[in-house]
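Novice: Whatever this is, show me its structure:
(one chain, ligands or ions: 2)
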Amino acid sequence: MTEPKTLREASCADDYDPNSMPVDRARALIRTFLTPVTTVERVALRAALGRVLAADVISPIDVPGHDNSAMDGFAVRFADLAPAGETLLRRVGESFAGKPAAASVGSGECVRIFTGAVMPAGADTVVMQERAGEDAQGVRIAAGAVTKAGQNRRFAGEDLKAGQAVFAAGQLVRPAELGMMASLGIGEVPVYRRLRVAFFSTGDELKSIGTPLATGEVYDSNRYTIYGMLQRLGCDVIDLGVVPDVPEALEAAFVSAAAAADVVITSGGVSVGEADFVKPLLGKLGEVLFWKIAMKPGRPLAYGRLGAAHFFGLPGNPVSVMVTFYQFVREALLVLQGQRDVGPLPTFKLPLTTPIRKAPGRTEFQRGVLSGDPANGYTVRTTGEQGSGVLSSMSQANCFIAVSYTHLTLPTKRIV
Ligand code: AMP
Ligand code: MG
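Specialist: Ligands and ions are numbered 1, 2, ... in the order given. Next up, the predicted model:
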């Protein structure tokens, strides 16, 4: 099947049913509309943390720069060592890390050497210090201390050769990448510009922190979870506050969000009834599809374009917001940031230690706690009350339990 190019084509595709859209299908469809950012900025190495490389990084030097010792011991000429029995050698110098030996190693000679120190000229092999001893006569190398020439020696360029590609464009810069680039003496790197993401909450019942609550009102928490998830993904966030369920106010908010950002995310207002005026409004401002995703929680979801911006209309319930963000928005943002090899969250099949009741026909994303260790294996349990408004279930969790696949996804723990 060729993928649709426009949202209108998507909505007409044969297997498209907006009333029971499978999670994987919606995710795949969204991906067909994503074009990564192309603007490049050069930033100082530390400022590249959490950013995406916009060009391949080529090593300007050999790493290591010189042949050096992998051990504390003695640098020797392999040919000098007796095939059987002890060998007596004369010590002619010392080579420390950062302070090479002045002497070179001639026949019958050796140099005391330490890990990381440059191999002295003439020597080709290192004998570890545990297989050698020193007395008034000289350095005694035990029989069979090394078995081949070159042992315990690291070669120049063994890790990286000058001119070799270290990282490809699209690589996320994490602490390890910072360290690698520092080890190559690279002080500045090209990265893609950050993605600008605008978001607001909708609902007449929502109050911002700092205002007292009247009966039936609730504090807006979605703007905080969305803020947190976006920050962790390294986006520039534009918080547009709470917008009441008033068509004119919503229209103004959609228009200013779309003008300011690459991606617009809203929560609330896409469920049945509420969508009565949101739908025509979004139809007027852009091209938006309304789906009932075959999942729980997070059934209603809107995706489309508002001008040049991508739009995600997430459900209002606090847990649904996080589940739909991790299932749909996260992956889209990583693609738009220019990251390579983006996929859904990793999933694992694990035994459950608490029973789960599941309604048929939908993928459930229950909140889970994964525990265990390599010796005894891993299991997963639910966090108890699973209502889509129960944010504490999310806070107690360290994974989702994806029930239709009986797989598990790990969203909340960052690797490293
Ligand atoms: P809606 O999708 O707008 O019908 O909202 C569903 C439920 O989520 C309602 O109980 C809302 O009060 C609640 N809700 C919607 N938006 C938020 C928000 N930003 N913070 C906390 N609760 C919300
Ligand atoms: Mg609402």
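Novice: element containing residue 253, please.
Specialist: Using DSSP states H and E, the secondary-structure element containing residue 253 is helix 247-260.
Novice: By mean pLDDT, point me to the weakest helix or strand of this protein.
Specialist: Every helix and strand of the chain was ranked by mean pLDDT, DSSP states H and E. The lowest is strand 407-409, at a mean of 48.
Novice: Could you look up the SS state of the residue in the chain positioned nearest to ligand 1?
Specialist: Distances between the chain and ligand 1 by CB to the nearest ligand atom are smallest at residue 316, namely 2.4 Å. Where C-beta positions appear, they are placed from N, C-alpha and C, glycine not excepted. When the structure is split into helix, strand and coil by DSSP: H, G, I helix; E, B strand; the rest coil, residue 316 lands in coil.
Novice: Which phi and psi values does it adopt?
Specialist: phi -90, psi -30 (degrees, to the nearest 10).
Novice: do the one 10 residues further on as well
Specialist: Here is the backbone geometry of residue 326 (degrees, to the nearest 10): phi -70, psi -30.
Novice: I'd assumed residue 397 was in contact with it.
Specialist: No. If you go by CB atoms under 8 Å, residue 326 and residue 397 don't touch, sitting 11.3 Å apart.
Novice: Can you report how many residues neighbour residue 167?
Specialist: Burial of residue 167 is recorded as 18 neighbouring residues (other CB atoms under 10 Å).
Novice: what sits against it?
Specialist: For residue 167, the contacting residues are 53, 56, 57, 177, 180, taking CB atoms under 8 Å, 6 or more residues apart in numbering as the criterion.
Novice: Please repeat the previous calculation with a cut-off of 7 Å.
Specialist: With contacts defined as CB atoms under 7 Å, 6 or more residues apart in numbering, the neighbours of residue 167 are 53, 56, 57, 177.
Novice: partner residues bridging it?
Specialist: Going by DSSP bridges, residue 167 is paired in beta bridges with residue 57.
Novice: Quickly note the distance from it to residue 390.
Specialist: In this structure, residue 167 lies at 42 Å from residue 390, with CB to CB, to the nearest Å as the measure.
Novice: Ok, residue 344 next?
Specialist: Separation of residue 344 from residue 390 (CB to CB) stands at 24 Å.
Novice: what about the two, which has more around it?
Specialist: Using other CB under 10 Å, the more surrounded residue of residue 344 and residue 390 is residue 390, with 18 against 15.
Novice: Mind telling me what element the nearest residue to that one once chain neighbours are set aside is part of?
Specialist: Excluding its sequence neighbours, the residue lying closest to residue 390 (CB to CB, 6 or more residues apart in numbering) is residue 319, at 6.4 Å. Take DSSP H and E as the rule and residue 319 turns out to sit in helix 318-324.
Novice: Give me the contacts around that helix.
Specialist: Counting by CB under 7 Å, 6+ apart, the neighbours of helix 318-324 from elsewhere in the structure are 221-222, 225-226, 267, 297-298, 301, 314-315, 365, 388-391, 393-394.
Novice: Show only the entries of the residues you listed found in strands.
Specialist: 267, 301, 314, 365 (DSSP state E).
Novice: Also near ligand 1: which of those residues, exactly?
Specialist: residue 267 (CB under 6 Å from any ligand atom).
Novice: related to what we said a few turns ago, residue contacts, the residue of the chain closest to ligand 1?
Specialist: Listed by CB under 7 Å, 6+ apart, the contact set of residue 316 reads 203, 267, 268, 269.
Novice: Could I get these in a markdown table, plus columns for pLDDT?
Specialist: Formatted as a markdown table, the entries for the contacts of residue 316 read as follows, by pLDDT from 0 to 100:
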| residue | pLDDT |
| --- | --- |
| 203 | 94 |
| 267 | 96 |
| 268 | 94 |
| 269 | 89 |
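Novice: and this protein, which of its residues are near ligand 2?
Specialist: By the criterion of CB under 5 Å from the ion, the positions of the chain lying close to ligand 2 are 203, 268, 316.
Novice: Surely the first one and residue 245 touch.
Specialist: Put plainly, it is residue 203. Yes. Checked against CB atoms under 7 Å, the pair residue 203 and residue 245 is within contact range at 6.3 Å.
Novice: At which residues are the helices of the stretch 301-416 of the chain located?
Specialist: Counting by DSSP state H, counting those that start in this stretch, residue ranges of the helices within the stretch 301-416 of the chain are 318-324, 330-336, 391-395.
Novice: Mind listing what's buried along the shortest one?
Specialist: So that's helix 391-395. Buried residues in helix 391-395, defined by neighbour count with 16 or more other CB atoms under 10 Å: 391, 393, 394.
Novice: residues in contact with it?
Specialist: Contacts of helix 391-395 with the rest of the structure, by CB under 7 Å, 6+ apart, involve 221, 318, 319, 322, 367, 383, 384, 385, 386.
Novice: Quick check: the farthest pair among those?
Specialist: Checked with CB to CB, these reach their widest spread between 221 and 384, with 19.2 Å between them.
Novice: Same drill for these two, tell me which one is more crowded.
Specialist: residue 221 (16 against 13).
Novice: Leaving out sequence neighbours, find the closest residue to that one.
Specialist: On the basis of CB to CB, 6+ apart, the spatially nearest residue to residue 221 that is not a chain neighbour turns out to be residue 318, at 5.4 Å.
Novice: Repeat that for residue 188.
Specialist: Closest residue to residue 188 in three dimensions, ignoring its sequence neighbours and counting by CB to CB, 6+ apart: residue 42, at 5.5 Å.
Novice: Return the set of residues that bridge with that neighbour.
Specialist: So, taking DSSP bridges as the rule, residue 42 has residue 190 as bridge partners.
Novice: With residue 287 instead?
Specialist: Once the bridges are assigned, which here means DSSP bridges, residue 287 pairs with residue 305.
Novice: show me where the stretch 1-150 of the chain has strands.
Specialist: Along the stretch 1-150 of the chain, the stretches classed as strands by DSSP state E, counting those that start in this stretch are 40-44, 57-58, 68-69, 73-76, 87-95, 109-113, 125-128, 132-135, 138-141.
Novice: how about TSV for those strands, with distance to ligand 1 added?
Specialist: TSV is the format used below for these (distance: least, CB to the nearest ligand atom, whole Å):
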stretch	distance to ligand 1
strand 40-44	33
strand 57-58	41
strand 68-69	58
strand 73-76	65
strand 87-95	65
strand 109-113	65
strand 125-128	63
strand 132-135	70
strand 138-141	74
